[in-house]
Each structure stands twice: as structure tokens, then as C-alpha cells.
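**Q** sequence and predicted model, in that order:
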Amino acid sequence: MLIYVGQQQALTLPRVYPQAGDNRARSIDYKHVIRALASKPQVFRYSQLREDLLPDDNYRQLWQYADEHLEKREACKWIVTVLRLAFEYDIESDLGQGLLDEVRQSQFASINELQECFLRHHEPELSASTTQHELCSYDGIYDD
């Protein structure tokens with residue numbers, strides 16, 4: 001499916017077909033709604049699209065583990081934070097696999113630990129300083 005904004009192609013989504021016995025099929029990318037979801041993470045728990053929002057089986061297993069081992073509110077906040085970090089740092093597969101490996105070793109990073117790790121290791125690059133040109137260089141523009 002092609003999506004246009006005006007005459008510019010903005011996005012291409014794969015066409016999905018319903019499985020046997022289903023009436024509908026959905027193609028949902030969590031990246032399109034993650035910022036809104038981050039402002040209200042509790043919506044995740046009761047969303048009809050919850051399973052479709054999780055990008056792969058690693059994230060489904062992480063959600064299952066968080067839902068079983070954390071309080072309901074904390075579990076929603078945790079998985080939404082993980083999804084937002086995956087989106088913002090473009091590390092979806094690495095983050096999902098890494099967190100799942102930690103869970104299998106009985107380690108479970110808290111939200112604060114995850115945020116500290118990313119804020120510490122992904123500091124923004126400072127741009128090179130530039131020198132301002134002299135204002136008197138404009139004086140000759142309108143001279144005849």
C-alpha cells in the first residue's frame with residue numbers, strides 16, 4: 001500500500017491478508033504511535049492492538065515476563081519505555097534480543113537503569129564551532 005502526502009509518496013506498507021478464520025488483518029507499526037503511547041502507557045494493557053504493537057517475538061516474551069513479574073502499571077510503563085528507546089535509538093532488534101538474554105539470565109533492568117544506560121552511552125555530538133563573519137562585509141552589497 002502506498003501512502004501519499006499531496007503528490008509525494010510518504011510511506012509504503014506491505015499488504016496483509018487475514019489468516020484462515022479471521023475477518024481482518026492489520027499492519028501496525030509501533031513507531032507510528034509510540035510517542036502518544038509514551039504519554040499514556042497504561043493504554044497498552046487493554047489495547048486491542050497490543051499484540052500487533054509488539055514488533056517481534058522477543059518483545060512479546062519481554063512483555064509476558066514484565067506482565068508476570070511487575071505490577072500492572074509498572075509493566076506497561078516498562079514495555080512502552082523499551083519500545084520508545086528502541087525507536088529513538090534505532091536499535092529495535094539489538095535491544096529486544098539483549099533484554100531477552102538478560103531475562104534468561106535472571107537479570108531484569110529497571111526503567112531507570114535502561115534510561116541511565118542510554119543517556120550515558122548516547123550523548124549528543126557537539127557540532128563544530130563556526131566563526132561569525134564581519135558585519136561590515138555587507139557594506140559593499142548595495143554600492144553602485
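**A** Looks like it arrived, so ask away. Keep in mind that what you see is a predicted model, and the values were worked out from it rather than measured.
**Q** drop to CA atoms for contacts and neighbour counts, all remaining ones
**A** Fine.
**Q** please report the distance of the closest residue to residue 83 other than its chain neighbours from residue 41.
**A** On the basis of CA to CA, 6 or more residues apart in numbering, the spatially nearest residue to residue 83 that is not a chain neighbour turns out to be residue 34, at 7.2 Å. Note on residue 34: its distance to residue 41, by CA to CA, to the nearest Å, is 9 Å.
**Q** could you find the closest non-adjacent residue to residue 67?
**A** Counting by CA to CA, 6+ apart, residue 67 lies nearest to residue 75, which is 5.3 Å off, once chain neighbours are set aside.
**Q** just the CA trace of the strand or helix carrying that neighbour, in PDB.
**A** Under the criterion of DSSP states H and E, residue 75 resides in helix 72-88. Extracted as PDB, the C-alpha positions of helix 72-88 are listed here (Å, rounded to 0.1, in the frame of the first residue of the first chain):
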ATOM      1  CA  LYS A  72       0.400  -3.800  36.200                       C
ATOM      2  CA  ARG A  73       1.200  -0.100  36.000                       C
ATOM      3  CA  GLU A  74       4.900  -0.700  36.100                       C
ATOM      4  CA  ALA A  75       4.800  -3.400  33.400                       C
ATOM      5  CA  CYS A  76       3.000  -1.100  31.000                       C
ATOM      6  CA  LYS A  77       5.400   1.700  31.700                       C
ATOM      7  CA  TRP A  78       8.400  -0.600  31.300                       C
ATOM      8  CA  ILE A  79       7.400  -2.100  27.900                       C
ATOM      9  CA  VAL A  80       6.500   1.300  26.500                       C
ATOM     10  CA  THR A  81       9.800   2.700  27.700                       C
ATOM     11  CA  VAL A  82      11.600  -0.200  26.000                       C
ATOM     12  CA  LEU A  83       9.700   0.400  22.700                       C
ATOM     13  CA  ARG A  84      10.400   4.100  22.800                       C
ATOM     14  CA  LEU A  85      14.200   3.500  23.400                       C
ATOM     15  CA  ALA A  86      14.200   1.000  20.500                       C
ATOM     16  CA  PHE A  87      12.500   3.600  18.300                       C
ATOM     17  CA  GLU A  88      14.500   6.700  19.300                       C
END
